[in-house]
Structures are given as structure tokens and as C-alpha cells.
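K.L.:
please find the sequence and the predicted model below.
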Amino acid sequence: MRVASTNQRRAFTLFELILVMAFVVILIGISVPVIQTMLTDARIVASADIVRGRMADTRSKALDEGRPWRFGCVPNTGVFQLAPETSAVWDSVSMEPDEQADLIRDELPPGIIFAAGSTDIFNANEAAAPGAGWVTIGAYLPDGTARGDVNFYFGKPGISPMCVQLRGLTGTVAIQDSATMKAGQP
């Protein structure tokens, strides 16, 4: 009769450990850029929702109160505010978030900035120096219309920005990718 020998393995070889470590490093190297891109995309989508919502708030305040309200930003930052057009808050730049009866000041997600032109965002590796004052993106009148048609941009430096299009006649806001606009697609 033969006795079956049990050859139990008690440890991994050095080669097996190095092979597993190499696989883990390669997997991390592939997944980190993908995750960073997904986070950037999520921040830009969140920014679009914030801008659209706050511009709707600005229009609503103008309609409710019967006086013009402005939505403005500090260029090359993510800071924006909405307040009555005649308010003194437009005279000085404050970057601190604030919410009062006649003022809402907030900020876009980290890394997302406003700019007057798409090339200011797309051709930059990082945000330029913050602007010196508030720039009006849109001014809503008490009848719900805006002062004029406006295009403004926001996004992450080095990536194709989003364009905010305010239609003066109706006061409506459309936000789309600036690359799609240049291609003439809806």
C-alpha cells in the first residue's frame, strides 16, 4: 500500500510576489487617469447645473421683486454672485461665500473657472490671475428678459470649456460644450 504524500505549500515564491505586484502597479497606472477624467467631467456637469440654477434664481428674483438683478463672476476664478443691479456688493470683490436676502455669492467646484472667451480656458495649463472686479454674465429685468444676448465660458484649464448662452429676448439659458458649438451641431 502506498501512502499519499501531501505536499502542502506554505508560502509564495519571490517570483509570484513580484508578478502580482507588477500587475497591481499596471492596473493602478491605467485606472488613475480614467478616474481623474471622470471626476473632472463630473465637476463640469455639476458646474453647468449650478450656473443654470443660479441664473434661474437671478431671473426669478428680478420677476418677484420688480427690479433688475445681475449674475456676475470674477474671471479666472469659480466665484460668482447674484444681487440687485444697484447693490453696493458689485463695487468691491469678495471671494467668501455668502447668502443674504439681497445677495448670493458662491463658488463652482474646485478647479473650474469662468472666462470671457473659450481660448482663455482651453489654451491655459492653469488658471490665470483672478480678475480685478465683477464681470456681468447676465442682467435680468423685471419682465424676465435679459439686457442682451451673452455668451460666457466656464471649465477646467486645458480642456474644452462649456459655453453659457443667455438669450436676451426670452431670458433663457442654454449650456453646451464649446467644441460642439464650433462644429455647428445643436
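P.N.:
It's in.
K.L.:
from memory Thr77 sits against Gly111, does it?
P.N.:
No. At 11.1 Å, Thr77 and Gly111 do not qualify as touching, with contact defined as CB atoms under 8 Å. Any C-beta I mention is one placed from the backbone N, CA and C, and that applies to glycine too.
K.L.:
compare those two and say which is more crowded by neighbours.
P.N.:
Set Thr77 next to Gly111 and count neighbours by other CB atoms under 10 Å: Thr77 wins out with 20 against 17.
K.L.:
now do the more buried one, the pLDDT please.
P.N.:
The confidence metric pLDDT takes the value 89 at Thr77.
K.L.:
could you do the one 4 residues further on as well?
P.N.:
According to the predicted model, the pLDDT of Gln81 comes to 95.
K.L.:
can you report how many residues lie near it?
P.N.:
Other residues near Gln81 come to 26 when the count uses other CB under 10 Å.
K.L.:
ok, now Glu65?
P.N.:
A count of neighbours around Glu65, defined by other CB under 10 Å, yields 12.
K.L.:
so which residues of this structure form helices?
P.N.:
Under the criterion DSSP state H, the chain carries helices at the ranges 14-65, 118-122, 178-182.
K.L.:
and those helices as TSV, adding distance to Asn151 and mean pLDDT?
P.N.:
Rendered in TSV, the data for the helices of the chain read as follows (distance: least, CB to CB, whole Å; pLDDT from 0 to 100):
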stretch	distance to Asn151	mean pLDDT
helix 14-65	13	88
helix 118-122	9	81
helix 178-182	9	58
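K.L.:
buried deepest among those, which one?
P.N.:
Highest mean neighbour count among the helices of the chain (mean count of other CB atoms under 10 Å): helix 118-122, with a mean of 19.
K.L.:
which helices and strands sit right next to that one?
P.N.:
Judged by 3 or more CB pairs under 8 Å, 6 or more residues apart in numbering; DSSP states H and E, helix 118-122 is in contact with strand 150-155.
K.L.:
each with direction, which strands does the strand it packs on pair with?
P.N.:
strand 113-115 (antiparallel), strand 162-166 (antiparallel) (DSSP bridges).
K.L.:
alright, I will stop here.
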